[in-house]
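next comes the sequence, and after it the predicted model I'd like to discuss.
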Amino acid sequence: MKAGGLKRRVLLQGGSIALMLGVHQIARGASILAVRVWPAADYTRVTIESDTRLSSQQLVVGSPPRLAVDIEGIDLNPELRELVGKIKPGDPYINGLRVGQNAPKVVRIVFDLKQAVVPQVFSLAPVAAYKHRLVLDLYPEQAIDPMEALIAERLRDAPRAGSSSGSAVAGIAPSPAPSSAPAVDPLGELMAQQSMRPGPPAPPPPVTSGPDRPPVLVVPAPPPPVVGTAPVRPVPPPPPAARGGTATASRTDRIIIVALDPGHGGEDPGATGPSGTREKDIVLQVAFRLRDRINAGSVSGNPMRAFLTRDADFFVPLGVRVQKARRVQADLFVSIHADAFTTPAARGASVFALSQSGASSSAARWMANKENDADKVGGVNVGGHEAQVQRALLDMSTTAQINDSLKLGGAMLGEIKGIGARLHKGQVEQAGFAVLKAPDIPSVLVETAFISNPEEEANLRRADYQENLADALMRGIQRYFAQNPPLARSRQL
C-alpha cells in the first residue's frame, strides 16, 4: 500500500509540475524570433516573426502622419527593440519608430511616417524556414505607376541615351540619322509632359525628440550587396543569317520595352547555394547587367528600354510582376532565376515557356511548382477581391503567346549554349509557371544555373560569368526580334 501511495503521490506531483509549466507558457505569451524591414519605392514591409500567431490592432493618425500598431500577448524584448535600428534614412515611407510596453502584454509600435500611407497588416502561417509572421505593408496613398517610373528613369538617362557612345553596343545597326519628319513616339510625348510637372513636395523634417517622443535611433544604410563589378562590355552582333529583313522593312515607330523579372526578393530569398549565396542577389545582378545592354540597344533604329519588376531587395507577388509588365505594355518578359535541386549533382541552364496542357517533363513540373510557391514564402495578403483578381489574371494565356515564347526561349537557349555553359535540357521546356501567364507578352523563365551545385554556384558569383550570361541573353533577344520584328503600334498610355 505504501509503495502504491508513494507512486500516486509522485504522479500527482509530476502532474502539478506539468500544469504549472503549462500556465507559465500561456502567461509568457508569444516569443519574438526576428524582425525584418524591407524598404522599397513600391512599399515598405515590416515583418515580425514569432513562435505563435500574433494578434494586432492598428490606427492611422494624420498631420504629421503616423501609424500605431498594438501587438497583443507579448512583452517588449530585445528583438522588438532592434526594429528602431533597422529603419534606414533612405526609407521612402518610414522616418523612424518608437516601441514600448503600452499595457500588460501589449506592445505598441509607433511609426513616424514621411508621407500618408495605406497600411496592410496580415498574418502568415509557417512556411519554409519561417514560423508565424505578422506583416505590415506600408503602401503610398497614390500607388506608383510602373509606366511613370519607366518614364522618370528614361528622363534621368536622357543625356546619356542621346550620346553617340554605345549606339552599336546592342549588336543591331545604330539608329539612322534623324529625318525631317520626326518618328512617332507616344512614350516620348508623355515624358515631355511629365518633365513639365512640378516636383513632389519635400518630405517633412525628421521628428527626433519631444515631450511625447523619445529619441529615434537612426543607423546609416549599408551598401547593397554587390556580386562582381566588371564593366559592361559590347555585345557581339548575331550572325548575318539571323538578322532577317532590312531595317527599313521592319522599322517600328516606338520604344521597344523588355520587362526583366529578377526572381524572389525580400522575405523570399529563393534558393541558397552550399556557400550561402542567395538566388535573389545573383539574379538581380544579372538583371542589372542585362538592363544596361538593353538600354544601350535598338531594334531596327528604334530604342530599347528595360523595365525591372524589382530593382532592389523587396518581394513582388507573382501576379503583380505580370501586371507591371502589362502596364508598361512590354514587348517581352524575361524572368531570371538560379534554382536548386534536392541533390548537388543537378546542373545546367534551362529556359521555360508556359504550357496549357501540362508540363513537358516531371522536372519541369517540379520546377514550376517550386517557383509558384514564391507567394507563400514571400508573403501575399490575399483578401477576397485580390484573390479573384489574381485568379483571373493568372488564368489568361493564348496559343500565340506560347508559340512566340517558344521562339524567344529557343533563341536564348542557343546563345547560352554558345558561351560554353552547360544546358540542363537541350530544348525549351514547358510548365504552368504563374509568372509567365501574360496573355499578350511573349514570356520565358531562364534558370541560369543550379545554385545548389557547388561549381555552378561559384560560377554565378563571378563577374565575368554574369557578363557572359547577360551577353547571351541579349543576343537571344536580338535574334528573336530579327526573326520576329515587333509590330508598329501606339502605346495606350
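On my side now, so go ahead.

just how off-centre is whichever strand or helix holds Q58 within its chain?
In the assignment (DSSP states H and E), Q58 maps to strand 55-61. On the basis of CA atoms, centre = their mean, to the nearest Å, strand 55-61 sits 27 Å off its chain's mean C-alpha point.

and that strand, which strands flank it?
In the sheet, strand 55-61 lines up against strand 66-72 (antiparallel) (DSSP bridges).

how about the partner strand: buried residues?
66-67, 69-71 (16 or more other CB atoms under 10 Å). Heads up, the C-betas are built off the backbone N, CA and C, glycines and all.

reformat these as JSON lines; add distance to F288 and pLDDT.
Formatted as JSON lines, the buried residues of strand 66-72 follow (distance: CB to CB, whole Å; pLDDT from 0 to 100):
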{"residue": "R66", "distance to F288": "36", "pLDDT": "96"}
{"residue": "L67", "distance to F288": "33", "pLDDT": "96"}
{"residue": "V69", "distance to F288": "35", "pLDDT": "96"}
{"residue": "D70", "distance to F288": "41", "pLDDT": "96"}
{"residue": "I71", "distance to F288": "37", "pLDDT": "96"}
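
between those, which is closest to R291?
Top of the list for closeness to R291, among those and by CB to CB, is L67 at 33.9 Å.

sorry, back to before: got the buried residues of strand 66-72 as CSV, with distance to N372 columns?
Output for those, formatted as CSV (distance: CB to CB, whole Å):
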residue, distance to N372
R66, 38
L67, 32
V69, 31
D70, 35
I71, 31
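
so which of the residues you listed comes closest to I109?
Nearest member of these to I109, counting by CB to CB, is V69, at 4.8 Å.

which parts of the strand holding Q58 are buried?
S56.

again with stretch 275-282
277-282.

among those, which ones are in helices?
279-282 (DSSP state H).

export those as CSV, with columns for distance to L97 and pLDDT.
Output for those, formatted as CSV (distance: CB to CB, whole Å; pLDDT from 0 to 100):
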residue, distance to L97, pLDDT
E279, 30, 97
K280, 25, 97
D281, 27, 97
I282, 32, 97
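
what's the closest of the residues you listed to A271?
Of those, the one sitting nearest to A271 (CB to CB) turns out to be E279, at 4.4 Å.

how about the contacts made by that closest one?
By CB atoms under 8 Å, 6 or more residues apart in numbering, the residues touching E279 are 263-264, 269-272, 337-340, 451.

what do you get for S31?
Contacts of S31 by CB under 8 Å, 6+ apart are 50-52, 77.

scan these and report the most crowded one.
With neighbours taken as other CB atoms under 10 Å, the top of the contacts of S31 is S50, carrying 22 neighbours.

just give the nearest non-adjacent residue to that residue, would you?
A30 (4.4 Å; CB to CB, 6 or more residues apart in numbering).

ok, V435 next?
Nearest non-adjacent residue to V435 (CB to CB, 6+ apart): L318, at 4.8 Å.

isn't the one you found up against A434?
Yes: with contact defined as CB atoms under 8 Å, L318 counts as touching A434 (4.6 Å).

those two - which one has more neighbours?
L318 (25 against 21).

quick one: the helices in the stretch 1-150 of the chain, in order.
2-28, 78-86, 146-156 (DSSP state H, counting those that start in this stretch).

tell me the SS of K324?
Three-state call for K324 (DSSP: H, G, I helix; E, B strand; the rest coil): helix.

cool, and F307?
F307 - assigned by three-state DSSP - is strand.

may I have the residues that are in contact with it?
Applying CB under 8 Å, 6+ apart, the residues near F307 are 146, 150, 257-260, 324-325, 328, 330.

flag whichever of those residues scores worst on pLDDT.
Across the set of those, L150 stands lowest in pLDDT, at 83.

tell me how far that residue lies from P486.
17 Å (CB to CB, to the nearest Å).

so which of these two has more stuff around it?
Comparing L150 with P486 by other CB under 10 Å, the one with more neighbours is L150, at 23 against 17.

related to what we said a few turns ago, are any of the contacts of F307 buried, and which?
Buried among the contacts of F307 by 16+ other CB under 10 Å: 146, 150, 257-260, 324-325, 328, 330.

re the thing from before, so the residue nearest to S50 sits against G73, correct?
Yes: shown here, A30 and G73 form a contact pair, counting by CB under 8 Å, at 5.7 Å.

which neighbours do the two have in common?
L54.
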